[in-house]
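Chemist: A predicted structure for the sequence below; I have some questions about it.
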Amino acid sequence: MPTRQALPTTWLMTDERMGDGLFAAIGRLPQGSGIVLRHYSLPDEERRALFDRVRAATPGHLLLLAGPADQALAWGANGSHGRGPGEGLRSAPVHDLEEIHAAERDGADLLFLSPVFATRSHAGAAALGMDRFAGLVRATRLPVIALGGMDAARAQETAAAGAYGWAGIDAWLG
């Protein structure tokens, strides 16, 4: 498992709406970034094929598979992204203090806290805003990745509030 210092500070969250832009977005990532492959709606066979293509295209990046830790291990991911306990490097999506505490109890290694700002991924969801985001970051010992309406400029703002790093979808689409 990577140490906290070795965890990427810049992440790409994939999803189906990226379409053909997925590999262009991967190409825009700084070396040593992290990728969370989601694409939940794909049938397992197609999702596995996409995972294998992404893994082949991303040497030098950390690749997490959203889903069960045992599936991520079987597919050769560097770790898993999701809720609940499991083996290996694990990240967890969190939105509030209760979910942060649950992720800590489950042994997560890092947290994706969202939505910091308004985002197309969760249209209509209430954004945390910087004050609430900063308070939640202070409430955990785990590294927190800011997610939701993020870009490089907003990453500086969340870093000042204690974020370990940031993740985006649209920010990498160009």
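Modeler: Sure, I can see it. Residues are numbered from 1 along each chain as shown.

Chemist: I figured residue 173 hits residue 19, correct?
Modeler: No - contact between residue 173 and residue 19 fails when scored by Cβ atoms under 8 Å: they sit 9.5 Å apart. (C-beta placed from N, C-alpha, C; glycine too.)

Chemist: between the two, which one's more packed in?
Modeler: Shown here are residue 173 and residue 19; by other Cβ atoms under 10 Å, residue 173 has more neighbours (15 against 8).

Chemist: per-residue pLDDT, that one?
Modeler: pLDDT for residue 173: 91.

Chemist: quick one: the closest residue to residue 84 other than its chain neighbours and residue 86, what's the gap?
Modeler: Residue nearest to residue 84 in three dimensions, not counting chain neighbours: residue 106, with 5.7 Å by Cβ to Cβ, 6 or more residues apart in numbering. Using Cβ to Cβ, to the nearest Å, residue 106 is found at 8 Å from residue 86.

Chemist: Show me which of those two is the more surrounded one.
Modeler: Shown here are residue 106 and residue 86; by other Cβ under 10 Å, residue 86 has more neighbours (20 against 14).

Chemist: how much space between the residue lying closest to that one once chain neighbours are set aside and residue 58?
Modeler: Distance criterion Cβ to Cβ, 6+ apart; nearest residue to residue 86, sequence neighbours excluded, is residue 69 at 2.6 Å. Remark: distance between residue 69 and residue 58 (Cβ to Cβ) = 20 Å.

Chemist: what does residue 100 give?
Modeler: 28 Å.

Chemist: host element of the most far-flung residue of the chain relative to its centre?
Modeler: If you look at how far each residue of the chain sits from its centre, by Cα atoms, centre = their mean, the farthest one is residue 45, at 22.6 Å. Using DSSP states H and E, residue 45 sits within helix 44-57.

Chemist: now the helix or strand following that helix, how far from the centre of its chain.
Modeler: Counting by DSSP H and E, the next helix or strand C-terminal to helix 44-57 is strand 62-66. A distance of 8 Å separates the centroid of the chain from that of strand 62-66, by Cα atoms, centre = their mean, to the nearest Å.

Chemist: May I have the strands that pair with strand 62-66, each with its orientation?
Modeler: Strands flanking strand 62-66 in the sheet, each with its direction: strand 34-37 (parallel), strand 79-81 (parallel) (DSSP bridges).
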